[in-house]
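# Sequence and predicted structure below; questions after.
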Amino acid sequence: MAKILRITSRTHGFRRCGVAHPSKAVDHPLGKFTEQQIELLKAEPELVVQEMDVPDKPKGKGKEPSAA
């Protein structure tokens with residue numbers, strides 16, 4: 001499982017850590033921000049920050065062939 005940060009701003013376009021955060025949830029890879037930035041984001045009352053596990057994407061190429 002991969003980890004992401006799901007960030008939602010209470011005020012559309014609120015800026016923190018060099019990013020304008022929209023009022024709808026946006027998923028960011030965990031490595032996008034430093035540990036210090038993650039602490040700042042989580043402490044910011046204007047933001048809702050959730051650290052989440054997401055399933056890894058399948059490694060196959062394209063769709064599986066359908067049974068005939």
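Received it, and whenever you're ready, just let me know what you need. Keep in mind it's a predicted model, so treat the numbers as computed, not measured. Numbers count the residues shown, from 1 in each chain.

# what ranges do the strands span in the chain?
Counting by DSSP state E, the chain has strands at residues 2-9, 14-16, 19-21, 26-29, 47-54.

# export the ones you listed to TSV and tack on mean neighbour count?
All C-beta spots, glycine's among them, are computed from the backbone N, C-alpha and C. Below are these laid out as TSV (neighbours: other C-beta atoms under 10 Å):
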stretch	mean neighbour count
strand 2-9	17
strand 14-16	15
strand 19-21	17
strand 26-29	13
strand 47-54	14
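
# which stretch among those comes nearest residue 39?
The minimum distance between residue 39 and those falls on strand 47-54, with 10.0 Å, by C-beta to C-beta.

# In terms of secondary structure, what does that closest one contact?
Packing partners of strand 47-54 (3 or more C-beta pairs under 8 Å, 6 or more residues apart in numbering; DSSP states H and E): strand 2-9, helix 35-43.

# can you put those in CSV and add distance to residue 21 and mean pLDDT?
Listed next are the helices and strands packed on strand 47-54 as CSV, based on distance: least, C-beta to C-beta, whole Å; pLDDT from 0 to 100:
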stretch, distance to residue 21, mean pLDDT
strand 2-9, 4, 94
helix 35-43, 9, 97
